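[1] heads up, no residue letters with this:
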Ligand SMILES: Cc1ncc(COP(=O)(O)O)c(C=O)c1O
Ligand SMILES: N[C@@H](CCSC[C@H](N)C(=O)O)C(=O)O
């Protein structure tokens, strides 16, 4: 297995797309050479070369709206074309041309992958059918007999993979540590390195975690993992690259569930791996092509559209979340609030040093499952649903919903309580959202008091 991208030359932020293409053998999104060039193509070429120089200095917000990369489109369409095709007519029987089959590569997917690689300062990016498909591909980097190190507070689907598939179907050792403690990570890596033990080949980090928003030191863990030759993958679904860029902090792979903030409208399932280093890119691409878990052209197109407004949406959502967290912290029915942007968060300073916002996901405890259930069910604007990162505000009870597949004894051991409520703040008016929570809390308080009599 490749051991990360530390040996790649050049600074990440200034690497050109051409370099990226050559690193991971992705094909440039141009029409096959046999297509006739139009005068518009020439115009586009000129503009593209002007943009090449601007890329490094322009902000992510601007790069997302203007898209870093362009197809060599004869009509210069503002919205990118959807290449809704499975196959491509080849220049000849022995010449594949830039694309031959959409599992192997598709121009709309290439646009999305290049856009993600650009904003994450990665050498390559790969779009998958879901976040879990992306994580499953990362798990392919580990061979039977080797170990994966993961945190205690992680997404329920990832826990299901690590608890049921990795050990039973793939022959991997899985060890969970408190990722907020770098010493525990170091000790596990050292133990794995000892003679006769299963060496740790992959460290899987979530920060902030789903659902308790725990914050881990991405740079410190990446440094210690590298000393032991382990690949670091950060599940960045809660921050997305707008607020946190794990590769800049030393990670080898940044994973984002595109189902969440990238698409942003609860209408896409997808996952992205942004990757550093040619060897890792090649290995991930090999599995994406060989196993066929890529994102479809239409989903890629929706994700590309989502990317254009991602910064705007996320900023508004985070602003709303900060107000909701303050409301919750002041409410007498609330026992504990988890939000990475609150001063009372145990790792607020660490979070502020590696991310630019508290984000829009909050969880809280009331101490009573019934009170929590009433609050969740009495809200009118917050949709009761799994997932997060949508323009619509969402509310859920993780132990019964997103984390229901985590065995009850593991949830108990890790202090994941049944009364935990998770909120994903949307872009609605904050006055309406707080008003809705106020009435839901008031209703729950009354109902719980009546039930107690
Ligand atoms: C933190 C985290 N990682 C990964 C995933 C998996 O993403 P997807 O649902 O797109 O498969 C989810 C949610 O599902 C998640 O919350
Ligand atoms: N029934 C689904 C639950 C998906 S949870 C989605 C999301 N990551 C969240 O945290 O809400 C399953 O079994 O995977």
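    All right, it came through fine. Given the structure is predicted, the values throughout are model-derived calculations rather than measurements. Numbering: from 1, shown residues only. Ligands and ions are numbered 1, 2, ... in the order given.
[2] what number of residues lie near the residue of the stretch 1-150 of the chain found nearest ligand 1?
    The stretch 1-150 of the chain approaches ligand 1 most closely through residue 131 (2.2 Å), counting by Cβ to the nearest ligand atom. All C-beta atoms are positioned from the backbone trio N, CA, C, and that covers glycine. The local packing of residue 131 (other Cβ atoms under 10 Å) involves 24 other residues.
[3] which ones are touching the residue nearest the centre of the chain?
    By Cα atoms, centre = their mean, the mean C-alpha position of the chain lies nearest to residue 256, the distance being 1.5 Å. Counting by Cβ atoms under 8 Å, 6 or more residues apart in numbering, residue 256 makes contact with 116, 131, 235, 236, 237, 240, 241, 262, 271, 272, 274.
[4] the residue of the stretch 1-150 of the chain closest to ligand 1 contacts residue 255, correct?
    Yes: in terms of Cβ atoms under 8 Å, residue 131 counts as a neighbour of residue 255; the distance is 7.0 Å.
[5] need the overlap of contacts for the two.
    235, 237, 271.
[6] near ligand 2, which residues of the chain are found?
    Within the chain, the positions near ligand 2 by Cβ under 6 Å from any ligand atom are 155, 157, 210, 386, 387, 388, 402, 405.
[7] export those residues to JSON lines and tack on secondary structure, neighbour count and pLDDT?
    Shown next, in JSON lines, are the residues of the chain next to ligand 2 (DSSP: H, G, I helix; E, B strand; the rest coil; neighbours: other Cβ atoms under 10 Å; pLDDT from 0 to 100):
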{"residue": "155", "secondary structure": "coil", "neighbour count": "23", "pLDDT": "98"}
{"residue": "157", "secondary structure": "helix", "neighbour count": "19", "pLDDT": "98"}
{"residue": "210", "secondary structure": "coil", "neighbour count": "25", "pLDDT": "98"}
{"residue": "386", "secondary structure": "coil", "neighbour count": "16", "pLDDT": "98"}
{"residue": "387", "secondary structure": "coil", "neighbour count": "16", "pLDDT": "98"}
{"residue": "388", "secondary structure": "coil", "neighbour count": "27", "pLDDT": "98"}
{"residue": "402", "secondary structure": "coil", "neighbour count": "20", "pLDDT": "97"}
{"residue": "405", "secondary structure": "coil", "neighbour count": "12", "pLDDT": "96"}
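[8] report the two of those separated the most.
    Greatest spatial distance among the residues of the chain next to ligand 2 (Cβ to Cβ): 388 and 405, at 17.1 Å.
[9] where along the stretch 251-400 of the chain do the helices fall?
    Ranges of helices in the stretch 251-400 of the chain, per DSSP state H, counting those that start in this stretch, are 278-291, 297-330, 348-354, 369-378.
[10] what's the longest one packed up against?
    Translated: helix 297-330. If contacts are counted by 3 or more Cβ pairs under 8 Å, 6 or more residues apart in numbering; DSSP states H and E, helix 297-330 sits against helix 60-66, helix 107-120, helix 240-243, strand 336-338, strand 361-365, strand 421-424, helix 430-452.
[11] and residue 228, which of those is closest to it?
    That would be helix 107-120 among these, by Cβ to Cβ, at 24.0 Å.
[12] how big is the angle separating the closest one from helix 278-291?
    For helix 107-120 against helix 278-291, the angle by axes from the mean of the first three to the mean of the last three Cα atoms, to 10 degrees is 150 degrees.
[13] now mean neighbour count and distance to residue 135 too, for the helices and strands packed on helix 297-330, in CSV please.
    Converted to CSV, those look like this (neighbours: other Cβ atoms under 10 Å; distance: least, Cβ to Cβ, whole Å):
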stretch, mean neighbour count, distance to residue 135
helix 60-66, 17, 24
helix 107-120, 26, 16
helix 240-243, 25, 16
strand 336-338, 20, 23
strand 361-365, 24, 18
strand 421-424, 25, 20
helix 430-452, 15, 31
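[14] in a markdown table: those, plus mean pLDDT and distance to residue 410.
    Below are the helices and strands packed on helix 297-330 laid out as a markdown table (pLDDT from 0 to 100; distance: least, Cβ to Cβ, whole Å):
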| stretch | mean pLDDT | distance to residue 410 |
| --- | --- | --- |
| helix 60-66 | 92 | 37 |
| helix 107-120 | 97 | 32 |
| helix 240-243 | 98 | 27 |
| strand 336-338 | 98 | 19 |
| strand 361-365 | 98 | 18 |
| strand 421-424 | 99 | 18 |
| helix 430-452 | 93 | 28 |
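[15] same list (these) but as CSV, adding distance to residue 182.
    Formatted as CSV, the helices and strands packed on helix 297-330 follow (distance: least, Cβ to Cβ, whole Å):
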stretch, distance to residue 182
helix 60-66, 28
helix 107-120, 23
helix 240-243, 22
strand 336-338, 20
strand 361-365, 23
strand 421-424, 26
helix 430-452, 36
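[16] what segments of the stretch 151-300 of the chain are strands?
    173-177, 200-206, 231-235, 253-257, 271-275 (DSSP state E, counting those that start in this stretch).
[17] who wins for proximity to residue 350 among these?
    strand 200-206 (12.9 Å).
[18] which neighbouring elements make contact with that closest one?
    Against strand 200-206 (3+ Cβ pairs under 8 Å, 6+ apart) you get helix 131-139, strand 147-151, helix 182-193, helix 218-227, strand 231-235.
[19] out of those, nearest to residue 356?
    Of the helices and strands packed on strand 200-206, nearest to residue 356 by Cβ to Cβ is helix 218-227, at 13.6 Å.
[20] tell me the mean pLDDT over the closest one?
    Rounded to a whole number, the mean pLDDT of helix 218-227 is 98.
[21] quick one: work out the angle between it and strand 147-151.
    Computed by the same axes, to 10 degrees, the angle between helix 218-227 and strand 147-151 is 170 degrees.
[22] mind listing what the nearest residue to residue 292 once chain neighbours are set aside touches?
    Nearest residue to residue 292 in three dimensions, chain neighbours excluded: residue 103, at 4.9 Å (Cβ to Cβ, 6 or more residues apart in numbering). Contacts for residue 103 (Cβ under 8 Å, 6+ apart) come out as 289, 292, 294.
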